[in-house]
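> Here is the input, now give the coordinates:
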Amino acid sequence: MNVADPELERLVCQELRDAGFAVAPSRKPSDGGLSVWCDPERGVVVRWSVPSGDPSRHDTIRTAVRLALRTILGAAGFEVAEVAGRAELVVTAAGRPPRQDGAKPGLTTP
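Model prediction:
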């Protein structure tokens, strides 16, 4: 799969839905929340944003949600990178095959 593969986006969205997240179809939901989209130059972008207002009030929550997203996607075997200075994660490769013992693969580090 290339970095902007719609199938990769579908797999990421499915994994996040299976984990209980509501995935919005746009780049930035107007009321905050999770959004996922393909960026042809970077891969599948995952962003969690807060509702309107002062975003600095939500730094702790944003950090916790980003950690949860990265952990969920990493445990599913996706290659996940954090974007410095932005509230985004970028997924560049699909999950690895399951391990022989049935456990999910561990978190990847770019």
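
> ok, and the helix or strand in this protein with the lowest average confidence?
The helix or strand of the chain with the poorest confidence is strand 23-24; it has a mean of 76 (mean pLDDT, DSSP states H and E).

> Please identify which helix or strand holds Gly85.
Using DSSP states H and E, Gly85 is not contained in any helix or strand.

> Phi, psi for it please.
Dihedral angles of Gly85 (phi, psi; degrees, to the nearest 10) stand at phi 80, psi 0.

> What of Trp48?
Backbone torsions for Trp48, taken as degrees, to the nearest 10, come to phi -110, psi 130.

> Count the neighbours of it for me.
For Trp48, the count of nearby residues is 21 (other Cβ atoms under 10 Å). Heads up, the C-betas are built off the backbone N, CA and C, glycines and all.

> contacting residues around the helix or strand containing Val90?
Following DSSP H and E, one finds Val90 within strand 88-93. Outside of strand 88-93, the residues within contact range by Cβ atoms under 8 Å, 6 or more residues apart in numbering are 1, 3, 8, 12, 39, 42-47, 66, 69-70, 73, 78-83.
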